[in-house]
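Visitor: Quick one, structure for this:
(one chain, ligands or ions: 1)
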Amino acid sequence: MQTHETNHYDILIIGGGAIGNSLALALGSLPLRVALVEATPKPATHQRSNSPPQVEFWEKSKDLRAIALAHSAQQMFSAMNVWDEIAPHAEPVSMVHVSNRGRFGITRLTAKEQAVPALGYVVPAEQLNATLSLRAETLSNLTIFRPATLQTLTQQADGNHEATLQTADGQQTLTSTLIVAADGGRSKVRELLSIDAKAHHYDESALVATVDCALPHQGVAYERFTDTGPVALLPLRGGQRAGLVWTVPSGQLEHYQQLSDADFLAALQQSFGYRLGRFQSVTPRMTYPLIQVKAKQQIRPGVVLLGNAMHTLHPIAGQGLNLGLRDVAVLAEVLSDACRQSQSIDDFAVLERFYAWRKQEQAAIRWFTHGLAYLFTSTLPPVVIGRNLGMLAFDHLAPIKQPLTRYTLGLAGRVPRLARGLAPNKYS
Ligand SMILES: Cc1cc2nc3c(=O)[nH]c(=O)nc-3n(C[C@H](O)[C@H](O)[C@H](O)COP(=O)(O)OP(=O)(O)OC[C@H]3O[C@@H](n4cnc5c(N)ncnc54)[C@H](O)[C@@H]3O)c2cc1C
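Guide: Model (predicted):
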């Protein structure tokens, strides 16, 4: 990298998290010059290996989240030829088991009912991100600036944007036809372009850890609603290891953080019960404050917002990344169509097609997630009674269960080519 050099790209992706890297991979086969800017250094090699993560992986990990990838996300990664590298770390989910502690009402969703090999796959977040970023490095149409941070962004008279980056070697100036904001919930792009965002603070935090259990999980993902907040235990590779996401009121976070491992496991056992036998051990716990963010604008000439930069969701239904990935699939498809039809990607109609395709599903998932977060954390008696009845009805009413499950699999509505396992420029 040289100091004060200006380069032009067709697409400049700001942020190399799961969304930024997935978009780079999705654009890998298109005749476009792409650049990606990521603030953090390149992942270390321990973050990618071909065998399932062992104890040392969890001890070194800086992000202990277990991410539930929907069936549509797995299809996308297959189409982008990166699934083979993710698969050794991914546990297939054969069933989702939803229950209410101390009350009636159990719901089960199974892969068999949906006629899919798995409802989804659970992957350690750190390994997923490392695999995607190391794979992105092999793309011939991609230039990566890393570690580098976006400092300024201005639109020029010709419609292109000029971005200044701070890199280890000094400042670098780039211009681009299209800017993609994939720089997370506190998006710098949003700030620099004065795009407002609406935030809802839940006054809850997610306690995240990895737990070893006495009984095998058999590919079942558990979501249990308790008086101390929803407890999710997601099956991880290794048979008896599960990724915990425990949503607790922020005021009680310190109490849970200060418990010894033994006391923490006892509290978890009391909330969750013994479906996975006795909990044996737990990794250090990490916490994430929970917030819903929605940017007020997703597209404007030469700019599109994706992933957490556009919408940050409550993790209760494991939808945030999955929704963002379907946005990636649709954006790649409309850009691919534009290239095929010799339409310039600076034509705003291209971004309008993307937005028209996505806005309905985005709103549906946002409301679904927010509704679930309210329903399952409320202690108001009418809400509690309603949710018990709702869970019973849900389990017995195929006309409600079926379409909702298709939504969470990412198979509802018009499904983009990548989410059907096809390359964005494969026309069939
Ligand atoms: C506890 C928890 C559990 C979750 N579980 C699930 C789940 O099971 N399934 C699911 O689908 N979703 C889940 N999610 C949501 C999921 O984690 C997010 O949707 C996803 O991480 C968003 O990815 P992103 O790439 O948009 O943002 P990020 O992961 O935040 O990446 C943004 C990137 O941009 C970089 N960046 C920021 N600013 C700059 C700058 N100025 N210059 C250069 N680079 C910059 C950052 O370094 C970062 O790498 C969960 C979330 C939480 C909190």
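Visitor: if I've got this straight, Glu126 is in a helix?
Guide: Yes - counting by DSSP: H, G, I helix; E, B strand; the rest coil, Glu126 falls inside a helix.
Visitor: Assess the claim that it and Ile67 are in contact.
Guide: No - counting by CB atoms under 8 Å, Glu126 stays clear of Ile67, with 9.7 Å between them. Heads up, the C-betas are built off the backbone N, CA and C, glycines and all.
Visitor: Using PDB, write out the CA atom coordinates for the helix or strand in which Glu333 is found.
Guide: If you go by DSSP states H and E, Glu333 is part of helix 320-340. Provided in PDB are the C-alpha atoms of helix 320-340 (Å, rounded to 0.1, in the frame of the first residue of the first chain):
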ATOM      1  CA  GLY A 320     -29.800 -11.000  12.300                       C
ATOM      2  CA  LEU A 321     -27.100 -12.600  10.200                       C
ATOM      3  CA  ASN A 322     -29.500 -14.700   8.200                       C
ATOM      4  CA  LEU A 323     -31.600 -11.700   7.200                       C
ATOM      5  CA  GLY A 324     -28.400  -9.800   6.300                       C
ATOM      6  CA  LEU A 325     -27.200 -12.700   4.200                       C
ATOM      7  CA  ARG A 326     -30.400 -12.800   2.200                       C
ATOM      8  CA  ASP A 327     -29.900  -9.000   1.600                       C
ATOM      9  CA  VAL A 328     -26.400  -9.900   0.300                       C
ATOM     10  CA  ALA A 329     -27.800 -12.600  -2.000                       C
ATOM     11  CA  VAL A 330     -30.400 -10.200  -3.500                       C
ATOM     12  CA  LEU A 331     -27.900  -7.300  -3.900                       C
ATOM     13  CA  ALA A 332     -25.400  -9.700  -5.700                       C
ATOM     14  CA  GLU A 333     -28.300 -10.900  -8.000                       C
ATOM     15  CA  VAL A 334     -29.400  -7.400  -9.000                       C
ATOM     16  CA  LEU A 335     -25.800  -6.300  -9.600                       C
ATOM     17  CA  SER A 336     -25.200  -9.500 -11.600                       C
ATOM     18  CA  ASP A 337     -28.300  -8.800 -13.700                       C
ATOM     19  CA  ALA A 338     -27.200  -5.200 -14.300                       C
ATOM     20  CA  CYS A 339     -23.800  -6.400 -15.500                       C
ATOM     21  CA  ARG A 340     -25.400  -9.000 -17.800                       C
END
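Visitor: could you list every residue that touches Gln360?
Guide: Gly413 (CB atoms under 8 Å, 6 or more residues apart in numbering).
Visitor: In the helix or strand encompassing it, which residues are buried?
Guide: Using DSSP H and E, Gln360 sits within helix 348-375. Buried residues in helix 348-375, counted by 16 or more other CB atoms under 10 Å: 350-351, 353-355, 357-358, 361-362, 365-366, 368-370, 372-373, 375.
Visitor: again with stretch 70-88
Guide: Under the neighbour-count criterion of 16+ other CB under 10 Å, stretch 70-88 has 70-80, 82-83, 85-87 buried.
Visitor: With stretch 261-274 instead?
Guide: Buried, per 16+ other CB under 10 Å, within stretch 261-274: 264-265, 268, 271-272.
Visitor: give the contact list for the residue in the stretch 251-400 of the chain that the ligand sits nearest to.
Guide: Relative to the ligand, the nearest point of the stretch 251-400 of the chain is Gly307 (2.3 Å; CB to the nearest ligand atom). Gly307 is in contact with 15, 17-20, 182, 184, 321, 324, 327-328, counting by CB under 8 Å, 6+ apart.
Visitor: Return only those of those residues found close to the ligand.
Guide: With the criterion set as CB under 6 Å from any ligand atom, the members of the contacts of Gly307 near the ligand are 15, 17-20, 182, 184, 321, 324.
Visitor: What about those residues, which are in helices?
Guide: 18-20, 321, 324 (DSSP state H).
Visitor: picking up where we left off before, so how far is Ser344 from the residue of the stretch 251-400 of the chain closest to the ligand?
Guide: According to CB to CB, to the nearest Å, Gly307 stands 25 Å off from Ser344.
Visitor: Would you mind listing what in the stretch 1-150 of the chain touches the ligand?
Guide: 14-20, 37-40, 65, 67-68, 149-150.
Visitor: Kindly supply the ChimeraX command isolating those of those that are buried.
Guide: Here is the ChimeraX command that selects only those of those that count as buried (16+ other CB under 10 Å):
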select :14,15,16,17,18,19,20,37,38,39,65,67,68,149,150
